[in-house]
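1. Below is the structure, and that's it, no one-letter string:
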């Protein structure tokens with residue numbers, strides 16, 4: 001045994017290791033021993049073969065072994081020579097990375113909005129199920145094959161490309177969230193709210209896309225309805241006012257300006273008490 005082998009297993013000297021039984025004294029699991037010997041018997045040597053041993057203090061150590069049979073002068077098999085390398089920390093890091101990747105993969109996949117990872121060259125490298133539903137494309141037709149520019153109307157692409165470029169120079173140079181138009185597989189244009197940012201230490205960005213098409217349509221319909229409503233009120237002969245719970249003027253029509261001492265611009269945003277001092281003492285405020 002070499003001094004490094006002794007240190008690997010927590011012994012102070014080589015002499016403590018000489019004469020010990022690998023399976024019994026270093027606690028090589030019998031099943032692992034059988035598998036190791038079977039692999040060795042099959043090829044006469046093994047490379048990067050992982051086994052678990054125990055140090056002198058009883059703590060486990062995972063080692064990678066490169067081993068082979070050696071022979072005496074008569075060509076008779078005399079034993080096994082092996083080099084052992086401690087890979088315990090490597091295995092811990094790999095396990096932690098896998099756990100982390102599993103966690104973030106689940107988070108990425110199960111978020112409530114369409115989510116996408118975009119490479120520096122604009123290629124989409126990862127999408128989730130919600131993105132498939134939003135676009136109408138299965139992920140195998142998107143990941144590594146499509147650029148995000150394929151989903152943007154041509155007249156909007158230059159602005160979006162500039163955001164993409166600036167974000168990779170300095171994330172603060174491009175907006176983190178904004179609305180844009182998006183084209184799905186069927187050519188349907190949708191209104192999307194985007195939250196996007198860079199993945200630290202990479203040139204990748206991750207974006208979350210929320211379909212606000214119906215919200216936009218509702219807002220437009222509401223705006224048209226309000227416009228018609230105000231048009232009707234503005235053409236009434238009678239004065240009409242809309243006042244909030246705090247007695248602030250929210251709306252007044254043109255007739256109020258004609259009939260009163262104030263025009264509507266002077267009233268809006270102010271309370272009745274500001275415009276008519278002492279009115280709070282009247283019967284109106286006794287309700």
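-> That came through fine. Computed from a predicted model, the values in this text were never measured in an experiment.
2. After the host helix or strand of residue 101, which helix or strand is next?
-> Secondary structure assignment for residue 101, by DSSP states H and E: helix 88-110. Following helix 88-110 in sequence order, the next helix or strand is strand 114-118 (DSSP H and E).
3. Each with direction, which strands does whichever helix or strand comes after that next one pair with?
-> Remark: after strand 114-118, the chain's next helix or strand is strand 124-127, criterion DSSP H and E. According to DSSP bridges, strand 124-127 has the following sheet partners: strand 114-118 (antiparallel).
4. What's the mean pLDDT across the strand it pairs with?
-> Per-region confidence: strand 114-118 scores 93 on mean pLDDT.
5. next one: stretch 267-282
-> On average, the pLDDT along stretch 267-282 is 73.
6. Would you map the helices across the protein?
-> Ranges of helices in the chain, per DSSP state H, are 3-8, 22-25, 30-43, 88-110, 129-135, 157-169, 213-234, 254-259, 264-267, 272-275.
7. I'd like the ones you listed laid out as JSON lines, including mean neighbour count and distance to residue 61.
-> C-betas here are computed from N, CA, C, even on glycine. Shown next, in JSON lines, are the helices of the chain (neighbours: other CB atoms under 10 Å; distance: least, CB to CB, whole Å):
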{"stretch": "helix 3-8", "mean neighbour count": "15", "distance to residue 61": "7"}
{"stretch": "helix 22-25", "mean neighbour count": "14", "distance to residue 61": "13"}
{"stretch": "helix 30-43", "mean neighbour count": "12", "distance to residue 61": "13"}
{"stretch": "helix 88-110", "mean neighbour count": "11", "distance to residue 61": "5"}
{"stretch": "helix 129-135", "mean neighbour count": "19", "distance to residue 61": "42"}
{"stretch": "helix 157-169", "mean neighbour count": "15", "distance to residue 61": "43"}
{"stretch": "helix 213-234", "mean neighbour count": "12", "distance to residue 61": "59"}
{"stretch": "helix 254-259", "mean neighbour count": "15", "distance to residue 61": "87"}
{"stretch": "helix 264-267", "mean neighbour count": "16", "distance to residue 61": "82"}
{"stretch": "helix 272-275", "mean neighbour count": "15", "distance to residue 61": "80"}
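8. My guess is residue 163 contacts residue 175. True?
-> Yes - counting by CB atoms under 8 Å, residue 175 is a contact partner of residue 163 at 6.9 Å.
9. Remind me what the helix holding residue 101 packs against, helices and strands.
-> strand 60-71 (3 or more CB pairs under 8 Å, 6 or more residues apart in numbering; DSSP states H and E).
10. Please repeat the previous calculation with a cut-off of 10 Å.
-> In this structure, helix 88-110 packs against strand 45-54, strand 60-71, strand 114-118, strand 124-127, helix 129-135, with contacts taken as 3 or more CB pairs under 10 Å, 6 or more residues apart in numbering; DSSP states H and E.
11. which residues touch that helix?
-> Helix 88-110 has contacts (CB atoms under 10 Å, 6 or more residues apart in numbering) with 8, 50, 52, 59-64, 87, 115-117, 126-130, 206.
12. Now that we have the residues you listed, which of them are buried?
-> For the contacts of helix 88-110, a burial check counting by 16 or more other CB atoms under 10 Å picks out 8, 61-64, 87, 115-117, 126-128, 130, 206.
13. and for residue 163 and residue 175, which residues touch both?
-> Here residue 163 and residue 175 have 194, 196 as joint contacts, going by CB under 10 Å, 6+ apart.
14. Can you report how many residues neighbour residue 246?
-> Residues within reach of residue 246, counting by other CB atoms under 10 Å, total 8.
15. looking at it, it is touching residue 271, isn't it?
-> Yes - applying CB atoms under 10 Å, one finds residue 246 in contact with residue 271, separated by 6.6 Å.
16. ok, residue 13 - contacts?
-> The contact partners of residue 13, taken as CB under 10 Å, 6+ apart, are 1, 3, 6-7.
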